[in-house]
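> fold the following for me, if possible:
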Amino acid sequence: MGYKIAIMGTGAVGAYAGAHMARAGEDVTFIDPWPANVETMKSQGLKVSHIREVAEWSTPVRALHLTELQQAAKQKPFDIAFVCMKSYDTEWAAIMIAQYLAPNGFIVSLQNCMNEATIAGVVGWGKVVGCIASSITVDLCEPGHVRRAAGKSGDKHTVFRTGEVHGRVTDRVQEIKRLVALTDSALVTSNLWGERWSKLVTNAMANGMSASTGLISKDILRNDSLRRFGARLGSEAIRVGQALGYELEEIHHIDPELIARAGEGDPGAVREYDAHRLDEVSKAGGGEHRPSMGQDMVKGRRTEIDFLNGFIVRQGDAIGLPTPANAALTDIVKRVEKGELQADPKHLIDLRLN
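Down below sits the predicted model:
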């Protein structure tokens, strides 16, 4: 018998992964706070497009407004709930969906940032699974339409990494792997926390920079000052993660120690880091996307800066490791978000922290 699945938050990642599950015949219900998105899903389904290799397609889906979720009290409870909300909406979203979970049901954090502890505060650690979407480059470009700024990664790069907080391989993480593998390549990891921190570093090196400069990824990477400021951000975050005891995975397909040394100014590491990042944007479609926080800034939405670079700053402060680049970026993004500054590369270049 199949599982009943909820996608709590049909933004870019939730829509993309959930649409593939629905298309494959899984029992999926999409719940979202954006009225236009829900109405489009109800009338037209979900549309999925890619920048290359994959033909556009649509699939009918079952979608609910938040105000309609109470209907679930009269129906079979959810076995699996994927929380795909922004980090600042995690707690209330977990509280809302928890009351409709089956006794053995659980919540999967398919989000940026490190939200497992927040969810555990609602349902307990035994009902929490983590899932990372790595280099997925998707955006909800209009209601009911999710677009990926790439083709499928397949065996070139493993997109989804799912794991238990205790690191053991269980039947339920194998099931989550099966579900997300309907979308793209996936694996089960025994190193959830190392994967989480590595993804946090990846986002910390890109998201806030796009939000504060207004630039897409390739334009950031082609600017020497901005590219090396990104290495500085990554270096601080890596050193904090290492001090906290995380076993870090590759970041941007680079050994994290190389990024750390490049951000600290090691000449050989800088040359190798520069060559690798510039090679990324020399490929067809490389860096053509706007990272998610840059998308949020363009759309006038609240950013997750406090849960990315701000989180790194707080973790560093707690163990006595200064993170001045991450602190400066956090402040600048907040000021741009409030309208006190206009997005501009000079905000970061003038810091001279590269």
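
> only C-alpha atoms for contact and neighbour calcs from this point on.
Will do.

> name the strands paired with the longest strand along the chain and say parallel or antiparallel.
Secondary structure assigned by DSSP state E gives strand 101-110 as the longest strand of the chain. Strands flanking strand 101-110 in the sheet, each with its direction: strand 78-83 (parallel), strand 128-133 (parallel) (DSSP bridges).

> quick one: contacts of the last one?
This means strand 128-133. Contacts with strand 128-133, where a contact means CA atoms under 8 Å, 6 or more residues apart in numbering, come from 13, 106-112, 116, 119-120, 159-165, 173, 192, 195-196, 199.

> now, those residues that are in strands?
Using DSSP E to define strands, the subset of the contacts of strand 128-133 located there is Phe106, Ile107, Val108, Ser109, Leu110, Phe160, Arg161, Thr162, Gly163, Glu164.

> between all of the residues you listed, which two are separated the most?
Greatest spacing in the ones in strands among the contacts of strand 128-133, by CA to CA: Phe106 and Phe160 (18.2 Å).

> after the top helix by length along the chain, next one along is what?
In the chain, assigned by DSSP state H, the helix with the most residues is helix 224-243. Along the chain past helix 224-243, the next helix or strand (assigned with DSSP states H and E) turns out to be helix 256-263.

> helices or strands up against that following helix?
In terms of contacts (3 or more CA pairs under 8 Å, 6 or more residues apart in numbering; DSSP states H and E), helix 256-263 is packed against helix 224-243, helix 267-282.

> Gln242: which of the strands paired with strand 101-110 is closest?
Closest of the strands paired with strand 101-110 to Gln242 is strand 128-133, at 19.3 Å (criterion: CA to CA).

> what strands flank the following helix or strand past the closest one, and is each parallel or antiparallel?
Counting by DSSP H and E, the next helix or strand C-terminal to strand 128-133 is strand 138-142. The sheet places strand 138-142 alongside strand 145-148 (antiparallel), with pairing taken from DSSP bridges.

> tell me the phi and psi of the closest residue to Pro322 other than its chain neighbours?
Beyond its immediate neighbours in the sequence, the residue positioned closest to Pro322 (CA to CA, 6 or more residues apart in numbering) is Gly316, lying 6.0 Å away. Comment: the main-chain dihedrals of Gly316 come out as phi -70, psi -40, following degrees, to the nearest 10.

> before we move on, what about the one 4 residues further on?
Geometry field for Gly320 lists phi and psi as phi 80, psi 20, criterion degrees, to the nearest 10.

> helix/strand/coil for Glu288?
In three-state terms, and counting by DSSP: H, G, I helix; E, B strand; the rest coil, Glu288 is coil.

> that one touches Ile216, doesn't it?
Yes - between Glu288 and Ile216 a contact is recorded at 6.5 Å, counting by CA atoms under 8 Å.

> who has more neighbours, these two?
Neighbours around Glu288 and Ile216, counted as other CA atoms under 10 Å, are more numerous at Ile216. The numbers are 20 against 16.

> now do the same for the more buried one: its pLDDT.
According to the predicted model, the pLDDT of Ile216 comes to 94.

> rewinding a little: from the ones in strands among the contacts of strand 128-133, which single one is nearest Pro345?
Out of the ones in strands among the contacts of strand 128-133, the member with the shortest distance to Pro345 (by CA to CA) is Leu110, at 30.8 Å.

> against Tyr100, how distant is that closest one?
18 Å (CA to CA, to the nearest Å).

> those two: who's more crowded?
The residue with more neighbours, out of Leu110 and Tyr100 and counting by other CA under 10 Å, is Leu110; that gives 26 against 22.

> so who does that one touch?
Contacts were defined as CA under 8 Å, 6+ apart; by that measure Leu110 touches Val13, Gly14, Phe82, Val83, Cys84, Gly130, Cys131, Ile132, Ala133.

> switch the cut-off to 6 Å
Contacts were defined as CA atoms under 6 Å, 6 or more residues apart in numbering; by that measure Leu110 touches Val83, Cys84, Cys131.

> and the longest helix of the chain, C-alpha only, in CSV?
What follows is helix 224-243, C-alpha atoms only, in CSV (Å, rounded to 0.1, in the frame of the first residue of the first chain):
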residue,chain,number,x,y,z
ASP,A,224,37.6,39.0,-9.2
SER,A,225,36.7,40.9,-6.1
LEU,A,226,33.3,39.3,-5.7
ARG,A,227,34.5,35.8,-6.5
ARG,A,228,37.2,36.0,-3.8
PHE,A,229,34.8,37.6,-1.3
GLY,A,230,32.7,34.4,-1.9
ALA,A,231,35.8,32.3,-1.0
ARG,A,232,36.2,34.4,2.2
LEU,A,233,32.6,33.7,3.1
GLY,A,234,33.1,30.0,2.5
SER,A,235,36.4,29.9,4.4
GLU,A,236,34.8,31.4,7.5
ALA,A,237,31.8,29.0,7.3
ILE,A,238,34.0,26.0,6.7
ARG,A,239,36.3,26.7,9.7
VAL,A,240,33.2,27.1,11.9
GLY,A,241,31.8,23.8,10.7
GLN,A,242,35.1,22.0,11.2
ALA,A,243,35.3,23.4,14.7
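
> give the other helices and strands that that helix contacts.
Under the contact definition 3 or more CA pairs under 6 Å, 6 or more residues apart in numbering; DSSP states H and E, helix 224-243 sits against helix 256-263.

> now tabulate the helices and strands packed on helix 256-263 in TSV and tack on mean pLDDT, mean neighbour count and distance to Thr330.
Below are the helices and strands packed on helix 256-263 laid out as TSV (pLDDT from 0 to 100; neighbours: other CA atoms under 10 Å; distance: least, CA to CA, whole Å):
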stretch	mean pLDDT	mean neighbour count	distance to Thr330
helix 224-243	97	24	11
helix 267-282	94	16	23
